[in-house]
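[1] Here is my input, please return the structure:
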Amino acid sequence: MLNVTVIAVGKLKERYLTDACAEYEKRLGAYCRLKIVEVEEYRLPQNPSPAQIAAGLEAEGREIAARIPPGSYIIPLCIEGRQLPSEEFSRTLEQAAVNGYSSVALLIGGSYGLWEQLKERGNLKLSMSKMTFPHQLARVMLLEQLYRAMTISRGQKYHK
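    Have a look, this model is predicted:
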């Protein structure tokens with residue numbers, strides 16, 4: 001069974017988001033060993049300078065990097081990443097396992113994105129859309145797509 005670690009900046013605050021994540025975490029239990037890791041969001045002033053943003057991204061990035069399981073297939077979520085249909089995302093996860101990865105780490109940055117060094121470490125940079133979403137909503141969307149990918153792999157009818 002594949003180990004999947006979702007490492008996300010910030011805590012979920014709204015109940016509707018925590019409820020949605022809990023539902024997909026429960027469903028994914030039949031398909032993978034899922035672990036959600038939250039790292040603290042770096043506090044920035046009201047109107048941060050580019051240098052302050054860079055420092056925040058690096059601080060968050062170092063914390064994320066420390067939580068990536070060794071030997072993981074790393075998928076940072078970023079706007080410049082590839083957009084994949086659900087079927088191809090499913091095949092990507094299958095192929096990672098076939099290629100000897102026992103763990104997949106999916107990385108979700110904070111409101112300013114991800115540290116560039118994390119993106120460079122990625123095996124696949126993934127974009128969910130050209131649209132911008134709050135990073136908390138991105139976690140729900142990612143868990144849903146993980147669930148969809150797992151059902152596709154098993155030939156189940158969730159994906160239409």
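[2] Run through this protein and note the low-pLDDT ranges.
    Residues of the chain meeting the criterion pLDDT under 70: 159-160.
[3] where exactly do the helices run in it?
    Counting by DSSP state H, the chain has these helices, from start to end: 15-28, 50-67, 86-98, 116-121, 135-153.
[4] out of those, deepest packed?
    Ranked by mean neighbour count under mean count of other Cβ atoms under 10 Å, the helices of the chain are led by helix 135-153, which reaches a mean of 20. Glycine gets a C-beta too; all of them are placed from N, C-alpha and C.
[5] If I take that helix and helix 86-98, what angle do their directions form?
    Here helix 135-153 points in a direction 80 degrees away from that of helix 86-98 (axes from the mean of the first three to the mean of the last three Cα atoms, to 10 degrees).
[6] Let's see helix 135-153 as CSV, backbone CA atoms only.
    What follows is helix 135-153 as a C-alpha-only set of coordinates in CSV (Å, rounded to 0.1, in the frame of the first residue of the first chain):
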residue,chain,number,x,y,z
HIS,A,135,-4.2,27.1,0.0
GLN,A,136,-6.8,25.6,2.5
LEU,A,137,-9.2,24.9,-0.3
ALA,A,138,-6.4,23.4,-2.4
ARG,A,139,-6.0,20.8,0.3
VAL,A,140,-9.6,19.6,-0.1
MET,A,141,-9.3,19.6,-3.8
LEU,A,142,-6.0,17.6,-3.7
LEU,A,143,-7.5,15.0,-1.3
GLU,A,144,-10.5,14.6,-3.7
GLN,A,145,-8.2,14.1,-6.6
LEU,A,146,-6.1,11.6,-4.7
TYR,A,147,-9.3,9.7,-3.9
ARG,A,148,-10.3,9.9,-7.5
ALA,A,149,-6.9,8.7,-8.7
MET,A,150,-7.1,5.7,-6.4
THR,A,151,-10.5,4.7,-7.6
ILE,A,152,-9.4,5.1,-11.2
SER,A,153,-6.4,2.7,-10.5
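[7] next one: it to chain centre, how far?
    9 Å (Cα atoms, centre = their mean, to the nearest Å).
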